[in-house]
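K.L.:
fold the following and give me the result.
(2 chains)
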Number of protein chains: 2
Amino acid sequence: MLDDSALVEVAVKKETVYQGSFLHVCRDEVQLPNGASASREYVIHPGAVVIIPLFDDDTVLVERQYRYPVERIMTEFPAGKLDPGEAPLRCAQRELLEETGYTAREWAYAGHLHLAIAYSTEVIHIFFARGLQAGKAQLDADEFLEVRRVPAAELLQSALNGQVTDAKTLTCLFWLQNVRSGVGELAWASGLR
Amino acid sequence: MLDDSALVEVAVKKETVYQGSFLHVCRDEVQLPNGASASREYVIHPGAVVIIPLFDDDTVLVERQYRYPVERIMTEFPAGKLDPGEAPLRCAQRELLEETGYTAREWAYAGHLHLAIAYSTEVIHIFFARGLQAGKAQLDADEFLEVRRVPAAELLQSALNGQVTDAKTLTCLFWLQNVRSGVGELAWASGLR
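P.N.:
Predicted structure coming up:
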């Protein structure tokens, strides 16, 4: 295995090149392992969570939501960005409630993913939720999505058929498949406060 | 199921707000399903491929590469951006050769993923490659990565242990797992030209 120093890039200069209402874009000058210079453009992201809401009958909750950049309605697990200073579990509980109306008796942290490593700092924390109790969603006035409850097996098949193409959701399906088969182990904990 | 028109957003105005050497950032004004206005900021991406190079002994090729936005060395399947007008399979063959030195006798298209649907147009086409023949990598002078050959089972376990966190690679592991178990079916074709 190569020594890490043969791979690591070091920041020389950092600059914000665009600060929008949603995207914060940086362009840094870096020093490559061979001493040469290069620039790196990327988005600074606050981090996010995604939730796999799992019912005892082996169904799960998903959302259908229009995603403007890809110009289509996507099937996704509930997800959302961290508020400043917000703990990932807290965010997961908030997003599940806001988007679906559900609360969960138990939560388990599966792991995290890095979404777009070539040009974003985004990390997404992956949670399972069970002991689900329906309630009223609290969508913002400008949020439009549909919540559906589908058999886990059907969702997994949909992914293999090309009907689920969202990377974070497909990563969750990797987890869901391994949890269902007993290969992936979860540490469940009470999530009520 | 909701009618699609209850979810779809329509572009009203499009604007490039940053054009860097790598990132092209847009900010569009859209009309929401309720008639209200909102803005959408996102990155325009040319599309990409990722390759799962699979040996007959159930090992796979992965790369270790420093990814500046997430400040760490990531374990990934070989991947790369489409050149203008380039077909995905052609790109997959080119990237596999350039980054690892390998050519493949057979290729199979598994499907595609959308990487960061909240803020990027990026789609990644997922290919399997087998009948692998080693050769000489053709890295650019400013590319630094290490190629490793690892047992598929070990890589799958690494993902569940949190050591593989790249979303495209985790999506590939979902595919790899299903192909290995026989649930996911591939249509192999000769890829030599």
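K.L.:
going forward, measure contacts between C-alpha atoms and count neighbours the same way
P.N.:
OK.
K.L.:
what residues go with each domain of chain A?
P.N.:
Taking automatic domain parsing as the criterion, chain A consists of the domains A:4-44, A:48-190.
K.L.:
just the mean pLDDT for stretch A:117-127, thanks.
P.N.:
For stretch A:117-127, the mean pLDDT works out to 98.
K.L.:
mind listing the helices for chain A?
P.N.:
For chain A, the helices defined by DSSP state H cover A:88-100, A:152-160, A:167-181.
K.L.:
for those helices, which one sits closest to chain B?
P.N.:
helix A:167-181 (4.8 Å; CA to the nearest CA).
K.L.:
what's around A:Asp166, how many residues?
P.N.:
For A:Asp166, the neighbour count with other CA atoms under 10 Å in any protein chain shown is 23.
K.L.:
on that earlier part again, ranking the domains of chain A by burial, who's on top?
P.N.:
domain A:48-190 (a mean of 19; mean count of other CA atoms under 10 Å in any protein chain shown).
K.L.:
first-to-last residue distance for that domain?
P.N.:
Terminal residues of domain A:48-190 are spaced 21 Å apart (CA to CA, to the nearest Å).
K.L.:
is it anywhere near chain B?
P.N.:
Yes. Against chain B, domain A:48-190 shows contacts by CA under 8 Å from any CA of the partner chain at A:65-70, A:72-73, A:111-122, A:142, A:144-146, A:160, A:162, A:165-168, A:170-171, A:173-175, A:184.
K.L.:
so where's chain A shaky on pLDDT?
P.N.:
A:191-193 (pLDDT under 70).
K.L.:
ramachandran angles for the residue at the greatest distance from the centre of it?
P.N.:
Residue farthest from the centre of chain A, counting by CA atoms, centre = their mean, is A:Gly35 at 35.2 Å. The phi/psi pair for A:Gly35 (degrees, to the nearest 10) reads phi 90, psi -10.
K.L.:
the domains of chain A: which one's closest to B:Phe127?
P.N.:
In terms of CA to CA, the element of the domains of chain A nearest to B:Phe127 is domain A:48-190, at 13.4 Å.
K.L.:
centre of the chain versus the closest one, how much separation?
P.N.:
Relative to the centre of its chain, domain A:48-190 is centred 7 Å away, using CA atoms, centre = their mean, to the nearest Å.
K.L.:
so A:Gln133 makes contact with A:Thr103?
P.N.:
Yes. The criterion here is CA atoms under 8 Å, and A:Gln133 meets it with A:Thr103 at 5.3 Å.
K.L.:
if we can go back for a sec, the helices of chain A into a markdown table, with extra columns for distance to B:Val60?
P.N.:
What follows is the helices of chain A, written out as a markdown table (distance: least, CA to CA, whole Å):
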| stretch | distance to B:Val60 |
| --- | --- |
| helix A:88-100 | 33 |
| helix A:152-160 | 20 |
| helix A:167-181 | 18 |
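K.L.:
of all the ones you listed, which lies closest to A:Asp4?
P.N.:
helix A:167-181 (26.9 Å).
K.L.:
put the alpha carbons of that closest one into CSV.
P.N.:
Taking C-alpha atoms only, helix A:167-181 is exported to CSV below (Å, rounded to 0.1, in the frame of the first residue of the first chain):
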residue,chain,number,x,y,z
ALA,A,167,-27.5,7.3,-4.8
LYS,A,168,-28.3,7.8,-1.1
THR,A,169,-31.4,5.7,-1.4
LEU,A,170,-29.4,2.9,-3.2
THR,A,171,-26.8,3.0,-0.4
CYS,A,172,-29.6,2.6,2.1
LEU,A,173,-30.9,-0.4,0.1
PHE,A,174,-27.4,-1.9,0.5
TRP,A,175,-27.8,-1.5,4.2
LEU,A,176,-31.4,-2.6,4.2
GLN,A,177,-30.6,-5.8,2.3
ASN,A,178,-27.8,-6.7,4.7
VAL,A,179,-29.9,-5.9,7.8
ARG,A,180,-32.7,-8.1,6.5
SER,A,181,-30.3,-11.0,5.8
